[in-house]
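1. The sequence and its predicted three-dimensional model are supplied below.
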Amino acid sequence: MPTKLMMIFVGTDFIFAACGGLILGFSLMAEQNMTASPTSENVAPNLLLNQCPLTAGVVNSIFIFITFLLSLPALFLPQNRGWLRAQGWLVVFCATFTLGLGLAVWASTLQTRRNLAMLWARETPLVQSLLQQKFDCCGYFNSTSPPFIQDGTCTNSLVAVQKGGCIGQFSSFTNSYLDVIFTAAFGIVGVDVLLILCVAMVLKYRQEQERYRHIDEKNGLDGL
């Protein structure tokens with residue numbers, strides 16, 4: 001009959017594996033979306049995703065799956081503690097890895113306007129035009145710095161001056177979009193910490209059970 005502690009441990013372990021699937025699915029879908037032809041709807045998200053550590057996310061998810069697989073022997077060997085220790089250290093590694101990814105994305109939001117200015121400057125006129133269409137603006141800082149791209153949104157200089165630059169709208173969109181990503185990463189780290197606590201409690205429980213078994217053996221009760 002499984003104890004409540006083991007049920008919590010198993011549930012948290014499966015949530016941990018699901019988090020790995022979430023990271024893998026997000027990374028692969030993001031990489032696939034970035035190969036699509038740019039439109040006014042996908043141009044901004046794709047530019048931001050291209051700045052995220054997606055390949056590192058795939059590697060992180062692989063380590064999470066390996067850690068989950070190593071936890072299975074610990075579930076089926078109720079007296080074993082070696083597999084649990086190995087899992088615990090691997091969960092610490094995965095948590096540190098995920099935290100690093102989240103911090104990398106978070107750090108990029110600290111200098112959003114500067115980063116976006118460099119991003120805007122190296123993009124093609126087509127991409128700049130699509131960004132103007134998405135945010136209904138002209139140029140980055142303003143219509144002349146850098147010069148706006150003449151298109152259906154910015155038809156002439158007078159219209160461009162009235163609409164203003166894209167810096168405000170693009171920055172707001174970037175911050176809100178990246179906030180979701182690094183907040184999700186920090187949430188996954190929270191799951192990792194919970195699993196580490198569960199591993200520690202199961203290790204303590206099994207250690208106590210082994211100690212009681214040795215006491216019973218010394219008393220001639222054959223470990224019962």
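-> Everything's here; your move.

2. Just say helix, strand or coil for the residue sitting nearest the centre point of the chain.
-> The structure's the chain has its C-alpha centroid closest to Ala185; by C-alpha atoms, centre = their mean the separation is 3.7 Å. At Ala185 the chain is in helix, as set by DSSP: H, G, I helix; E, B strand; the rest coil.

3. burial count for the closest residue to it other than its chain neighbours?
-> In this structure, Ala185 finds its nearest non-sequential neighbour in Gly102, 3.1 Å apart by C-beta to C-beta, 6 or more residues apart in numbering. Placement of C-beta: from N, CA and C, glycine included. Neighbour count of Gly102, defined by other C-beta atoms under 10 Å: 20.

4. List the contacts of Ala160.
-> Cys138, Gly139, Ser143, Phe148, Cys154 (C-beta atoms under 8 Å, 6 or more residues apart in numbering).

5. now, which of those residues lie within strands?
-> Counted as lying in strands by DSSP state E, out of the contacts of Ala160, is not a single one.

6. so which of these is the most crowded?
-> Neighbour-wise, the contacts of Ala160 (other C-beta under 10 Å) top out at Cys138, 29 neighbours.

7. Next up, the contacts around it.
-> Cys138 sits in contact with Gln132, Phe148, Ile149, Thr153, Cys154, Val159, Ala160, Val161, Lys163, Gly164, Gly165, Cys166, where contact means C-beta under 8 Å, 6+ apart.

8. cutoff 6 Å now
-> If a contact means C-beta atoms under 6 Å, 6 or more residues apart in numbering, then Cys138 has Gln132, Phe148, Cys154, Ala160, Lys163 as its contacts.

9. Quick check: which element contains the fourth one?
-> This means Ala160. In this structure, Ala160 sits in helix 157-163 according to DSSP states H and E.

10. Next: the first one.
-> Of the helices and strands defined by DSSP H and E, Gln132 is found in helix 125-135.

11. Distance from that helix to the middle of the chain?
-> Relative to its parent chain, helix 125-135 has a centroid offset of 28 Å by C-alpha atoms, centre = their mean, to the nearest Å.

12. swap in stretch 30-46?
-> Distance, centroid of stretch 30-46 to centroid of chain: 19 Å (C-alpha atoms, centre = their mean).

13. returning to what we had before: return the alpha-carbon coordinates of the helix holding Ala160 using PDB.
-> Taking Å, rounded to 0.1, in the frame of the first residue of the first chain, the C-alpha atoms of helix 157-163 are listed here in PDB:
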ATOM      1  CA  SER A 157       6.400  61.700 -44.600                       C
ATOM      2  CA  LEU A 158       3.400  63.500 -43.200                       C
ATOM      3  CA  VAL A 159       1.600  60.300 -42.200                       C
ATOM      4  CA  ALA A 160       4.800  58.900 -40.800                       C
ATOM      5  CA  VAL A 161       5.400  61.900 -38.500                       C
ATOM      6  CA  GLN A 162       1.800  61.700 -37.200                       C
ATOM      7  CA  LYS A 163       2.000  58.000 -36.400                       C
END
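
14. just checking, Ala74 touches Gly82?
-> No: when contacts are counted by C-beta atoms under 6 Å, Ala74 is not listed as touching Gly82 (8.5 Å).

15. between the two, which one's more packed in?
-> More neighbours surround Ala74 than the other of Ala74 and Gly82, with 23 against 10 (other C-beta under 10 Å).
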